[in-house]
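**Student:** sequence and predicted structure below; questions after.
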Amino acid sequence: MKNLNLLFFALFSLFISCSEEEPITEYIVVNETVTVTETNTVEVDPYADSTLEGNITEDATLDASKIWLLKGRVAVEDGVTLNIPAGTIIKAASGTGADASTLIVARGGKMIANGTADNPIIMTAAADNIEVGGTYPESGPALNVDTRGLWGGLLILGKAPSSFKSDVTELQIEGIPTSDVNGLYGGDVTDDNSGSFQYISIRHGGAEIGEGNEINGLTLGGVGTGTTINQIEVVGNVDDGIEFFGGTVNATNLLVWGQGDDAIDIDQAYAGTIDGALVVLTAASDHGFEIDGPEGSAPGRFTIKNATVIGATDDCDAEGVDGEMADFRKGATGDLLDVLFKEFAGGKDIELDASADAATYTAGTLTFTNIDILHPLDGDGNVCSDTESVNKIFDDRSDESSFETDASNFAEIVTEQKEGNGLADESIFSWTFYKR
């Protein structure tokens, strides 16, 4: 029996050892892929296909849906037409010196730039935050009337007669290096046509190209009667707002606000008519009008009519150091009529500068008709106490004419604007930056 038990135990042990399998170990290899993404910022040039640089040598039309960059001195050459549609905005790159950003219409070239009251053409500085469509961000304009000299300006040059020293027939316009033949103006084509310029606002220009040599907001050199100049605004220019160098072109509805020198300047026997003007001086400004006579033997006679000139006065005190009403110099010849000067502090005058101007006044080639003076008021609404009488406001510095005593015949002090004197309706400039 004992042997049987031993046999049973041996069989049982064998059964157990056979039923237990060896453990199986599995190894799983996981391959994990990690993707690393690098972001490179690429700056997009907003003016990649809307830059004006170098001379324009073939007819071109700008796209008003884009803002254009004016880069350096750009000229529309002889025989070429540049079309600028209504609503176009041109921003000029900053800079000074001979290559300051400037747009020139050379003799024989044309520009058709007809904005509208709803969609004016705006020429301004690159720093201006104006957007397509003429709108601004909610924060408003980044630049104001006291921002000047950020670029050059607009120059229109033609073949119309001008009176030059030594009777030369052509001259290089100021502000453009003599090495650039696109800066020449003058000739004998009275009805020369440089194109059409309407509803254009020119802002923050007048960059200095040399010591004491700045560019005007709008320069008109030898421009002929075939050219249309209508509804032009110049805001915050370092030098003159608009300057006429000879020529015969007629201009209507001009607005100059806050220029650093003269608002409307006439030289070299300009022989056209300026009909409708609003001049608004600030503390930075010099004269409302500065008018010079011929430089050579060729005569020329301007007309300015239906204009209002507003002085820079604060509670009877003149702002700035200059701010005169008008100055006639170097034998000026022309006719000033239906003009209102208002808000000028005491001591500001309308002046014949020297003997040559006394002579043209006496000869009847410099005339004044229906000139009104509207004095400023103090803080209490009373006429300022230091304002002057008519014979003091009209000053012949040479004392060689009857200009001062005659003034009471062609000028008067008024208490409000009269019908038929000054700019009839300032609302015609409702489209401008000034009226914004």
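**Tutor:** Received, thanks. As the structure is a computational prediction, the values presented were derived from the model and not from experiment.
**Student:** name the element Gly205 belongs to?
**Tutor:** Using DSSP states H and E, Gly205 sits in no helix or strand.
**Student:** which residue packs closest to it, ignoring adjacent ones?
**Tutor:** Nearest residue to Gly205, sequence neighbours excluded (Cβ to Cβ, 6 or more residues apart in numbering): Gly153, at 4.2 Å. For glycine as for every other residue, the C-beta is placed from the backbone atoms N, C-alpha and C.
**Student:** before we move on, what about Asp286?
**Tutor:** Asp322 (4.2 Å).
**Student:** Leu337 too?
**Tutor:** According to Cβ to Cβ, 6+ apart, the nearest residue to Leu337 is Thr369 (3.9 Å).
**Student:** residue boundaries of the strands in the stretch 101-250 of the chain?
**Tutor:** 102-105, 110-114, 121-125, 154-157, 171-172, 184-185, 195-203, 208-210, 213-214, 218-221, 228-235, 242-245 (DSSP state E, counting those that start in this stretch).
**Student:** and the helix or strand just after the last one with strand 228-235, angle?
**Tutor:** Going down the chain from strand 242-245, the next helix or strand is strand 251-257, by DSSP H and E. Between the direction of strand 251-257 and that of strand 228-235, the angle (axes from the mean of the first three to the mean of the last three Cα atoms, to 10 degrees) works out to 0 degrees.
**Student:** same for strand 251-257, what does it pack against?
**Tutor:** strand 228-235, strand 242-245, strand 273-280 (3 or more Cβ pairs under 8 Å, 6 or more residues apart in numbering; DSSP states H and E).
**Student:** buried ones in the second one, by neighbour count?
**Tutor:** Of the residues in strand 242-245, those scored as buried under the neighbour-count criterion (16 or more other Cβ atoms under 10 Å) are 242-245.
**Student:** who are the packing partners of it?
**Tutor:** Going by 3+ Cβ pairs under 8 Å, 6+ apart, strand 242-245 lies up against strand 218-221, strand 251-257, strand 264-267.
**Student:** how about these in TSV, adding mean neighbour count, distance to Ala160 and mean pLDDT?
**Tutor:** Putting those into TSV (neighbours: other Cβ atoms under 10 Å; distance: least, Cβ to Cβ, whole Å; pLDDT from 0 to 100) gives the following:
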stretch	mean neighbour count	distance to Ala160	mean pLDDT
strand 218-221	29	9	98
strand 251-257	24	13	98
strand 264-267	26	14	98
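**Student:** out of these, which is closest to Ala117?
**Tutor:** Nearest to Ala117 among the helices and strands packed on strand 242-245 is strand 251-257; the distance by Cβ to Cβ comes to 10.8 Å.
**Student:** list the contacts of that closest one.
**Tutor:** 145, 217, 220, 229-236, 241-242, 244, 263-264, 272-280, 282, 428-429, 432-434 (Cβ atoms under 8 Å, 6 or more residues apart in numbering).
**Student:** ok, 6 Å please
**Tutor:** 145, 229-235, 241, 263, 274-280, 428-429, 432, 434 (Cβ atoms under 6 Å, 6 or more residues apart in numbering).
**Student:** low-confidence ranges, this structure, go.
**Tutor:** Judged by pLDDT under 70, the chain has its weakly predicted residues at 1-34, 36-37, 39, 41-42, 210-212.
**Student:** all helices for this protein, in order.
**Tutor:** Listed in chain order, the helices found in the chain under DSSP state H are 2-19, 355-363, 390-393, 403-410.
**Student:** next one: the last one to chain centre, how far?
**Tutor:** Right, helix 403-410. 37 Å (Cα atoms, centre = their mean, to the nearest Å).
**Student:** next: the second one.
**Tutor:** Relative to its chain's centre, helix 355-363 lies at 34 Å (Cα atoms, centre = their mean).
**Student:** buried set for that helix?
**Tutor:** 356-361.
**Student:** got the angle between it and helix 403-410?
**Tutor:** 40 degrees.
**Student:** which helices and strands sit right next to helix 355-363?
**Tutor:** Of the remaining helices and strands, none touches helix 355-363 by 3 or more Cβ pairs under 6 Å, 6 or more residues apart in numbering; DSSP states H and E.
**Student:** and that helix, C-alpha only, in CSV?
**Tutor:** This file holds the C-alpha atoms of helix 355-363, laid out as CSV (Å, rounded to 0.1, in the frame of the first residue of the first chain):
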residue,chain,number,x,y,z
SER,A,355,9.2,153.2,-55.3
ALA,A,356,8.6,150.8,-58.2
ASP,A,357,5.2,149.9,-56.7
ALA,A,358,4.3,153.5,-56.1
ALA,A,359,5.0,154.1,-59.7
THR,A,360,2.8,151.3,-61.0
TYR,A,361,0.0,152.4,-58.7
THR,A,362,0.3,156.0,-59.9
ALA,A,363,0.3,154.8,-63.5
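**Student:** ok, Glu53 to Phe164 distance?
**Tutor:** 32 Å (Cβ to Cβ, to the nearest Å).
**Student:** go on, Ile393?
**Tutor:** In terms of Cβ to Cβ, Ile393 sits 33 Å off from Phe164.
**Student:** which residues does the spatially most central residue of the chain contact?
**Tutor:** Geometric centre of the chain, nearest residue: Ile202, 2.1 Å, by Cα atoms, centre = their mean. Taking Cβ under 6 Å, 6+ apart as the contact definition, Ile202 lies against 123, 154, 217-218, 234.
**Student:** what's opposite Asp395 in the beta bridge?
**Tutor:** Beta-bridge partners of Asp395, counted by DSSP bridges, are Glu351.
**Student:** about what we covered before: residues near the residue nearest to Gly205, how many?
**Tutor:** By the measure other Cβ atoms under 10 Å, the count of residues near Gly153 is 31.
**Student:** now do Asp378
**Tutor:** Quick note: Asp378 (other Cβ under 10 Å) scores 12 neighbours.
**Student:** any quick PyMOL command for the buried ones out of the contacts of strand 251-257?
**Tutor:** Buried residues among the contacts of strand 251-257 (16+ other Cβ under 10 Å), as a PyMOL selection:
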select buried, resi 145+229+230+231+232+233+234+235+241+263+274+275+276+277+278+279+280+428+429+432+434
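**Student:** any idea how far the residue nearest to Ser50 when sequence neighbours are not counted lies from Gln268?
**Tutor:** Excluding its sequence neighbours, the residue lying closest to Ser50 (Cβ to Cβ, 6+ apart) is Lys66, at 4.2 Å. Note on Lys66: its distance to Gln268, by Cβ to Cβ, is 38 Å.
**Student:** quick one: which of these two has more around it?
**Tutor:** Between Lys66 and Gln268, counted using other Cβ under 10 Å, Gln268 has the larger neighbour count: 27 against 15.
**Student:** show me the contacts for the nearest residue to that one once chain neighbours are set aside.
**Tutor:** Of all residues not flanking Gln268 in the chain, Gly246 sits nearest, at 3.9 Å (Cβ to Cβ, 6+ apart). By Cβ under 6 Å, 6+ apart, the contact set of Gly246 is 162, 222, 268-270.
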